[in-house]
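Peer 1: just the structure for this:
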Amino acid sequence: MTRPLKFFVLRPILFALASGAMLLTGTTLLLAAPPTDLPPYDVVGVIEGEAIVVSGPMNVEVVKGQARTTLRSGSDVRVNSGQARIDLVEGGNIVICGPAHFSVLKSASALTVALDSGTIHAYIKREPTLTVYTAQVQAMPVAIGDGPEDLLVGFDAAGALCVRAVSGAVRLEQQFTGQSAIVPQSGDVLIANGQLDTLRTTSGQCSCELQVEKASPPPAPPATTPEVGVLASNEDNRKKQVETTPRPQPPAEQKVAAKQEPIYQVFMPPLAYDLSTKVQPDFDPKFVTLVRRVRVRSTLTFKGRVEGDPVVVASKAAPPNSAAAGPLLNQQSPPKPAAPNQNDSWLNRVRNFFRRLWTRNS
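Peer 2: Alright, predicted model coming up:
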């Protein structure tokens, strides 16, 4: 009877202990599981480009009918031509100008780009910590304050390494000798054969435009003010009538023809210099020629016809000969008898007839 009594007494205690252990195990598993909305620690970012080849770890998904490639740690990328763009998960981006070949490695917040050929232009706000490795030199951007990190690393046509610090500084280190140098902000240097001793400043040796998209704030809506309608006064109507009345346009200014004046040119004989004589001979003014150039205007000739009936003009008698008229100038010519009036009436003619008859009889 003792054993069953002990079992019933200990059963609630064992049940409570088992429940606590299960609750503790579930809480531990819940805390250990990573959040589903955060990307994995080895995800680098999404790459886009027209002529790219990606090998190694990656994720490919279709979004709105387009393939989307996500680079992971260990991805190997080859850009055959044009440009490629990597949008980093932490923010910022990397533009690659082809032809280029590189690989990416990521551990936590550290990103390493092993550049074999080509040019990259990186723009990083705060994370990740970027390091660009080449065959002999490694480049690490150094932020100034809270400013972004903007750098360009690449190879020119001759194979020399060019580094440009657009925003912030860049620390260069030789992998074999440990020698280091700092490229200040806005600095542009060129390194030949991977030796920092050959470092020299240059300008625009390598170029790879960085496409940074800045979201512009939406335009503010125009402020609306309430309008109150009132009746127009006589003065307002008069002003409106004056404004609508077309104003006469001023007559166009007639262009005054430029006055063409004669052009004078003086032609002189060539000057000579004789080294053996102290006094140089003067030129002969007989050989100086003055040329006057003018533009001859053509004579104006009007051609046409006169419309209407011709007008007959009575010709005047020719003046008498000066030799014959000489002695007659002082003589007074007798007065000429008056010409009979051709417009006499019939009564005057009868009267003249009888007067002649009486004169003969007498």
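
Peer 1: going forward, measure contacts and count neighbours with C-alpha atoms only.
Peer 2: Fine.

Peer 1: next structured bit after the worst-scoring helix or strand of the chain on mean pLDDT?
Peer 2: The weakest-scoring helix or strand in the chain, judged by mean pLDDT, DSSP states H and E, is helix 322-325 (a mean of 47). Next helix or strand after helix 322-325 toward the C-terminus (DSSP states H and E): helix 346-361.

Peer 1: helix, strand or coil for E235?
Peer 2: helix (DSSP: H, G, I helix; E, B strand; the rest coil).

Peer 1: for the remainder of this discussion, apply numbering that starts at 31.
Peer 2: With 31 as the first residue, the last one maps to E265.

Peer 1: how near is it to L220?
Peer 2: 78 Å (C-alpha to C-alpha, to the nearest Å).

Peer 1: just P299 next, same as before
Peer 2: P299 sits 61 Å away from L220, going by C-alpha to C-alpha.

Peer 1: which of these two has more neighbours?
Peer 2: Counting neighbours by other C-alpha atoms under 10 Å for P299 and for L220 shows that L220 has the greater number, 22 against 12.

Peer 1: in the helix or strand encompassing V107, what's buried?
Peer 2: Element membership for V107 (DSSP H and E) is strand 106-118. Neighbour-count burial for strand 106-118, counted by 16 or more other C-alpha atoms under 10 Å, picks out 106-110, 113-118.

Peer 1: one more: stretch 204-211?
Peer 2: Q204.

Peer 1: span of that stretch from start to end?
Peer 2: This stretch, stretch 204-211, spans 9 Å end to end (C-alpha to C-alpha).

Peer 1: who touches that stretch?
Peer 2: Residues outside stretch 204-211 that contact it (C-alpha atoms under 8 Å, 6 or more residues apart in numbering) are 166-168, 201-203, 224-226.

Peer 1: now do stretch 314-325
Peer 2: By C-alpha under 8 Å, 6+ apart, stretch 314-325 touches 290-299.

Peer 1: swap in stretch 113-128?
Peer 2: 69, 73-80, 82, 109-112, 148-155, 157-158, 238-242.

Peer 1: now with 7 Å, please.
Peer 2: Here stretch 113-128 makes contact (C-alpha atoms under 7 Å, 6 or more residues apart in numbering) with 74-79, 109-112, 148-155, 157-158, 238, 240.

Peer 1: just the buried ones from those?
Peer 2: For those, a burial check counting by 16+ other C-alpha under 10 Å picks out 74-79, 109-110, 148-155, 157-158, 238, 240.

Peer 1: so which pair among the buried residues of strand 106-118 is furthest apart in space?
Peer 2: Within the buried residues of strand 106-118, N110 and L118 form the most distant pair, 21.3 Å apart (C-alpha to C-alpha).
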